[in-house]
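J.: Structure for the following, please:
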Amino acid sequence: MSELTATSISPVGPYFSPLVQGYWRLDDWQMTPQQRLSFLKAHIDLGITTVDHADIYGDYRCESLFGQALKLDPSVRQKIQVVSKCDIKLVSEAAPTRKINHYDTSYRHIIQSVDNSLSRLGVERLDVLLLHRPDALMDADEVAEAFTTLRHHGKVKHLGVSNFSPSQFDLLQSRLDESLVTNQVEINPLRFDVIHDGTLDQLQRLRIKPMAWSCLAGGELFNGDSAQATRVRETLQVIADELGATIDQVIYAWVMRLPSAPLPIIGSGNIERVKSAINARSLTLSREQWYRIWVASKGHNVP
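T.: The predicted structure is shown next:
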């Protein structure tokens, strides 16, 4: 199995494992608290020490489920880097007066969201807080003030964003004394606009590693029936056969081949699937193999 060594995700840190364990489906895994703890310890032992959360995951339940497991062995907190996100407000039983899903990057909501996440997770500090989605009403000065407050009180160490365009990233960065440390974006062979819209160019210029969500396209690469998904799946299988690998490993290798050095987020609660993802690090796709997948997705040759 490929050995995992922690990597700095930006010039100012922090150090993350080169793959990240995502917990957005934790509520679907139907695990007991002890099973959750055992899974957490298992991927830590494999070298995956960074965990990805958001306040809204599992209709606001996943952070609490993780916190229940962590409470069984609080010493595990010292072995992991905790990422969480805020700014999406979901229509939920937890918010019965809310009429629509929307975004909120106000000072008050950011502070309250972090306090809620810390309470649910049972930790004293987030290693990284991400703004989950771009907010058309975002006041960059207000976000900066919230982050300054959170850092002052030791509740958040670093700030990043998720799904931000380069201009949105630059706007927020212009108001911060500390550097943003990542932009968590969707990267998979079906949806990779960030490769061409300047997002990954910006991060590579700044030497900031993106976090890559939905690398397996939510399973669409395996069972989607669109012409695009069918073309890509067939090409992935051919390349997997060439490399003696599995389709999912080729997908992760395709994402990690990008020069911005994305950190893929693994969404499975099956430790064997986690091990398979780790083994993808030993694969090296040639440029031609990488572009064969690009062409299959686009449905046409390169210009």
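J.: pLDDT score assigned to Ser2?
T.: For Ser2, the model assigns a pLDDT of 65.
J.: Tell me which stretches of the stretch 101-250 of the chain form strands.
T.: Per DSSP state E, counting those that start in this stretch, the stretch 101-250 of the chain carries strands over the ranges 102-103, 126-131, 156-162, 183-186, 211-213.
J.: I'd like the mean pLDDT over the third one, please.
T.: The predicted model gives strand 156-162 an average pLDDT of 98.
J.: How about the shortest one?
T.: Averaging pLDDT along strand 102-103 gives 98.
J.: thinking again about what came up before, including mean neighbour count, could the strands of the stretch 101-250 of the chain go into a markdown table?
T.: Every residue, glycine included, has its C-beta placed from N, CA and C. Output for the strands of the stretch 101-250 of the chain, formatted as a markdown table (neighbours: other Cβ atoms under 10 Å):
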| stretch | mean neighbour count |
| --- | --- |
| strand 102-103 | 16 |
| strand 126-131 | 25 |
| strand 156-162 | 23 |
| strand 183-186 | 24 |
| strand 211-213 | 24 |
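J.: Can you add distance to Thr149 and give these back as TSV?
T.: Output for the strands of the stretch 101-250 of the chain, formatted as TSV (distance: least, Cβ to Cβ, whole Å):
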stretch	distance to Thr149
strand 102-103	20
strand 126-131	12
strand 156-162	9
strand 183-186	23
strand 211-213	24
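J.: out of those strands, which comes closest to Gly198?
T.: strand 183-186 (11.4 Å; Cβ to Cβ).
J.: one step back: wait, which of the strands of the stretch 101-250 of the chain is closest to Val274?
T.: strand 211-213 (15.5 Å).
J.: helices or strands up against that closest one?
T.: strand 183-186, strand 263-266 (3 or more Cβ pairs under 8 Å, 6 or more residues apart in numbering; DSSP states H and E).
J.: Run a quick neighbour tally on Glu146.
T.: Glu isn't right for residue 146; it's Ala. 25 (other Cβ atoms under 10 Å).
J.: I'd guessed it sits against Ser113; true?
T.: No: using Cβ atoms under 8 Å, Ala146 is not in contact with Ser113, being 9.6 Å away.
J.: Tell me who's in contact with Thr7.
T.: Tyr15, Phe16, Ser17, Pro18, Lys209, Ala261, Leu263 (Cβ atoms under 8 Å, 6 or more residues apart in numbering).
J.: who's in contact with Ser167?
T.: Going by Cβ under 8 Å, 6+ apart, the list of residues near Ser167 is empty.
J.: What score does it have for pLDDT?
T.: Ser167 is given a pLDDT of 98.
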